[in-house]
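> my questions are about this predicted structure, shown below with the sequence.
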Amino acid sequence: MPASAGGSPWPGSVGGPPCAARLLEAVLGGGDGSACTGEPGFCRGGTTEAALGSGTYAVGWFDPRAGGPLREGSLAAIEGPGRVGIGRPPGEPKRDWAVLIRLTDGDGSGVPGVEARPRRPERGAGAEGRAGKGVVTGFTLINAETDRAVPGFDPIGEGATIDLSRLPTRKLSVRANTSAPDVGPVRFGLDGRDRRVERTAPYSLTGDREGDYAAWTPPPGRHTLTATAGGRTATLTFTVVDE
């Protein structure tokens, strides 16, 4: 769902140049600014979080220097509600980019208008043929600033309580631990909705770029996380508080 010019959901973002907004409008069609954030670009690169309602959102990046179609960055899709990291652009992370977020279903794959970035080819008979090579054995809470496990949550115990106020950071991710280094696609679900599909390790709820995890802050409440690989689903129930 694109953010509108009134009431930008991007806390702490740096405004992009007006030309980025006009170029994005030209790609998407229209010209009323409704497809852009109030400050649609990221001047000198960077990333941020978006405050989203419930649902799954596709993330598309536009390069105002080269033009062309919207492209997929480090995250094909993100899940609301709450403040969610939008991931990183598909290239030149220190340059200007414009970003479009659209409400969709599932993991965001194949969303019209977004050109997927190349992925590492699957080996063997493909994703389905690799079932049974390994399974998910548990989950670890990741500090997305250091890309390391949060002490006390490696692994996350069933029924655990995660107090955000006691953690070293609120920029988090969750990694699925597996019985083999390469288990093929891992499908994540959160609170009954598909979240994303990870095809290569590390297998994480938010995605990563070469081991650099995208950040996510889970909203307070009780949550159920699932991860399916090798035909088997691992389930974790946990509660988030902020006291």
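Sure thing, it's come through.

> what's the domain layout of this protein?
Residue ranges for the domains of the chain, per automatic domain parsing: 18-115, 128-241.

> could you dump those to TSV with mean pLDDT?
Formatted as TSV, the domains of the chain follow (pLDDT from 0 to 100):
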stretch	mean pLDDT
domain 18-115	63
domain 128-241	91
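
> now those in CSV, with mean neighbour count?
Every C-beta, even on glycine, is put in place using the N, C-alpha and C of the backbone. Formatted as CSV, those follow (neighbours: other C-beta atoms under 10 Å):
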stretch, mean neighbour count
domain 18-115, 19
domain 128-241, 18
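
> following the chain past the longest strand seen in the chain, name the next helix or strand.
In the chain, taking DSSP state E as the definition, the longest strand is strand 49-62. Once the chain leaves strand 49-62, the next helix or strand it forms, by DSSP states H and E, is strand 70-71.

> which elements pack onto that next one?
Counting contacts by 3 or more C-beta pairs under 8 Å, 6 or more residues apart in numbering; DSSP states H and E, strand 70-71 packs against strand 49-62, strand 114-115.

> so which of the ones you listed gets nearest K94?
Nearest to K94, of all the helices and strands packed on strand 70-71, is strand 49-62, at 14.1 Å by C-beta to C-beta.

> identify whichever of the helices and strands packed on strand 70-71 lies nearest to A160.
The minimum distance between A160 and these falls on strand 49-62, with 23.4 Å, by C-beta to C-beta.

> who are the packing partners of the closest one?
By 3+ C-beta pairs under 8 Å, 6+ apart, strand 49-62 packs against helix 18-28, strand 70-71, strand 77-85, strand 98-104, strand 114-115, strand 193-198.

> which outside residues touch stretch 174-186?
122, 127, 130-131, 133-142, 149, 155-156, 188, 197-206, 213, 225, 227-230, 234 (C-beta atoms under 8 Å, 6 or more residues apart in numbering).

> just the ones of those in helices?
With helices taken from DSSP state H, there is no overlap with the contacts of stretch 174-186.

> from these, which ones fall inside strands?
Those of those lying in strands (DSSP E): 136-142, 149, 188, 197-198, 213, 225, 227-229, 234.

> is E79 in a bridge, and if so with what?
Taking DSSP bridges, one finds T56 as the beta-bridge partners of E79.

> how far away is it from L52?
8 Å (C-beta to C-beta, to the nearest Å).

> kindly report the same for L100.
L100 is 13 Å from L52, by C-beta to C-beta.

> go on, D96?
Taken as C-beta to C-beta, the span from D96 to L52 is 23 Å.

> kindly report the same for N177.
27 Å.

> go on, T200?
T200 sits 26 Å away from L52, going by C-beta to C-beta.

> who's in contact with the nearest residue in space to T233 that is not next to it in sequence?
Nearest non-adjacent residue to T233, counting by C-beta to C-beta, 6 or more residues apart in numbering: T226, 5.4 Å away. Going by C-beta under 8 Å, 6+ apart, T226 touches F188, G189, L190, T233, A234, T235, L236.

> tell me the one among those residues nearest to L167.
L236 (17.2 Å).

> not counting its neighbours along the chain, what's nearest that closest one?
Nearest non-adjacent residue to L236 (C-beta to C-beta, 6+ apart): L225, at 4.6 Å.

> doesn't G192 make contact with that neighbour?
No - in this structure, L225 is not within contact of G192 by C-beta atoms under 8 Å, at 10.7 Å.

> enumerate every residue touching G87.
Applying C-beta under 8 Å, 6+ apart, the residues near G87 are T47, V59, G73, S74, L75, I78, T206, G207, R209, A214.

> which of these sit farthest apart?
I78 and R209 (14.5 Å).

> relative to D63, how far out is the nearest residue in space to A214 that is not next to it in sequence?
With C-beta to C-beta, 6+ apart as the criterion, A214 has its nearest non-adjacent residue at 4.2 Å, and that residue is T206. As judged by C-beta to C-beta, T206 and D63 stand 23 Å apart.
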